[in-house]
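**Q** Pasting the sequence and the predicted model now:
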Amino acid sequence: MDAEHGTAVRGDVIAEIRGLAAGLEPAFFERLVATYVGDGKRHLDAMRRALAVRDAEAWRLEAHSMKGASASVGAERLAELCRSAESAPVVPDGAAEALLREAHEEFARVRAALAAETSRSSRTGELS
């Protein structure tokens, strides 16, 4: 990973995923990343909607889902933000709103890091 995005995802987790996927179809890693990114966008959008209508249960469920998905790809900081979001009071202009803003920013860094990883796979011809 490049220096700019290196801390957004843990390299050892990416290496472990690549190792597990080695015997599978070549595009497995790229499909996993695409699924994570698509689901992540939906989770963050659902969190925004839940916050807008003060739906604490929906907020917690989406934060929990995003936490687990992020941890599985090595996005530790994003997983931690979502863990904090799970217990944040769901009120506008409160901690939940700040956590959501930070989660969006971190998700952008994670997406960039994962894009760099998939690009590296394509350039080196690595099996994913």
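**A** Arrived safely.
**Q** Only C-alpha atoms from now on, for both contacts and neighbour counts.
**A** OK.
**Q** show me what contacts Gly68?
**A** With contacts defined as C-alpha atoms under 8 Å, 6 or more residues apart in numbering, Gly68 is in contact with Ala79.
**Q** and the longest helix anywhere in the chain, what does it pack onto?
**A** If you go by DSSP state H, the chain has its longest helix at helix 95-124. Judged by 3 or more C-alpha pairs under 8 Å, 6 or more residues apart in numbering; DSSP states H and E, helix 95-124 is in contact with helix 28-52, helix 76-86.
**Q** what's the closest of those to Ala69?
**A** Of all the helices and strands packed on helix 95-124, it is helix 28-52 that lies closest to Ala69, at 6.9 Å by C-alpha to C-alpha.
**Q** What are the buried residues along the closest one?
**A** 28-30, 33-34, 36-37, 40-41, 43-44, 46-48, 50-51 (16 or more other C-alpha atoms under 10 Å).
**Q** Just give the nearest non-adjacent residue to Ala58, would you?
**A** Of all residues not flanking Ala58 in the chain, Ala50 sits nearest, at 5.9 Å (C-alpha to C-alpha, 6 or more residues apart in numbering).
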